[in-house]
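S.K.: Kindly return the folded structure for what I paste below:
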Amino acid sequence: MRKPTEERQREIEMRDELERLISQDANDIKTLVSQAEKILPARPQTGFLNYHEVKEVSDNKATDIVDAIANFYLDTRIIKEIPYVREKNGVDKLTVSNLLFQMKTAEHAIIKLLEEIDNGNTHPRTFEVLASLQRSKMEIVKHLAQFMVIMEQNYKNLKEDYRVKKAESSESLQEGDITIEHSETQTQFRGTKGLMDVIRQAIPETKATAALKDEEDGEQR
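M.R.: Model prediction:
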C-alpha cells in the first residue's frame with residue numbers, strides 16, 4: 001500500500017481534527033470557532049477596491065479623452081462659448097466616465113472570482129458567474145470603442161456645422177436689407193450693390209444742386 005505523503009498526512013490530520021471539533025456540543029461554538037481559526041490557514045485580505053478612487057480616476061481619464069477629441073476638431077473658444085457644444089462635451093465626459101468605471105469594477109470582480117477558484121472554490125456556479133462577468137466586461141469594452149467612434153464623428157460634424165452657420169451669418173450681414181431715410185422719402189434696397197447705385201445717383205444730383213445754389217448766391221450779391 002502506498003504511504004501518504006507528508007502534506008497529505010497533514011491534510012488528513014486537519015480534517016480529522018475539524019470533524020472532531022464539529023461533533024462537539026453546540027454550547028462550545030465559540031471555542032470551536034477559535035480552534036478552527038488556528039487550524040485552518042489564514043487567507044490574507046488583500047486587493048480591496050477603493051471605489052471613490054476608481055471613480056475619480058475614471059472622471060479624470062474621461063475628461064482627458066473627450067477634451068483631446070473635442071480640441072482636435074474644434075477651437076477651445078467654441079467649446080466654452082457655445083452652450084450646445086459645452087453641454088454636449090459634459091455629457092460625453094459623463095458617458096465615458098461611467099463606461100470606464102463599470103469596466104474597472106468588472107475587472108475587480110473577475111480577479112476576485114479567479115482568486116476564489118485558485119483557493120479551492122471549484123463550484124460550477126463560480127465558473128458560470130465568472131464567464132458572465134467576462135462577457136459583460138467585453139461588452140463594456142465594445143461599447144466604449146463604439147462610443148469613441150461616434151463621438152469623433154459628432155465633433156467632425158459640429159466643426160462643419162459651425163463653419164456653415166458662421167458663413168450664413170456673415171452672408172446675411174452683407175446681404176441684409178438696408179434703409180436710408182431722408183426728410184421726405186424713405187429708400188429700401190438689398191445688399192451693398194444697391195447702396196452703391198444710390199450713392200452714384202445721388203452724387204451728380206448733389207453737385208448740380210450745389211452749383212445752382214452758388215449761382216443764385218452770385219445773382220443776389
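
S.K.: Return, as residue ranges, the portions of the protein with sub-threshold pLDDT.
M.R.: For the chain, the stretches with pLDDT under 70 are 1-4, 7-8, 11, 15-47, 171-221.

S.K.: got the residue ranges for the helices in it?
M.R.: Assigned by DSSP state H, the helices in the chain fall at 6-22, 29-39, 51-73, 76-81, 83-118, 124-174, 191-220.

S.K.: buried set for the fourth one?
M.R.: Of the residues in helix 76-81, those scored as buried under the neighbour-count criterion (16 or more other C-beta atoms under 10 Å) are 78-79. Heads up, the C-betas are built off the backbone N, CA and C, glycines and all.

S.K.: From the rest of the structure, what touches it?
M.R.: Contact with helix 76-81 is made by 70-71, 85-86, 89, 162, as judged by C-beta atoms under 8 Å, 6 or more residues apart in numbering.

S.K.: swap the cut-off to 7 Å and go again
M.R.: 70, 85-86, 89, 162 (C-beta atoms under 7 Å, 6 or more residues apart in numbering).

S.K.: Mark out where each domain of this protein begins and ends.
M.R.: Residue ranges for the domains of the chain, per automatic domain parsing: 6-39, 51-174, 178-220.

S.K.: hmm, back to that, which of the contacts of helix 76-81 has the most neighbours?
M.R.: residue 70 (24 neighbours; other C-beta atoms under 10 Å).

S.K.: give the contact list for the nearest residue to residue 103 once chain neighbours are set aside.
M.R.: Nearest residue to residue 103 in three dimensions, chain neighbours excluded: residue 140, at 4.8 Å (C-beta to C-beta, 6 or more residues apart in numbering). Residue 140 is in contact with 99, 102-103, 106, counting by C-beta under 7 Å, 6+ apart.
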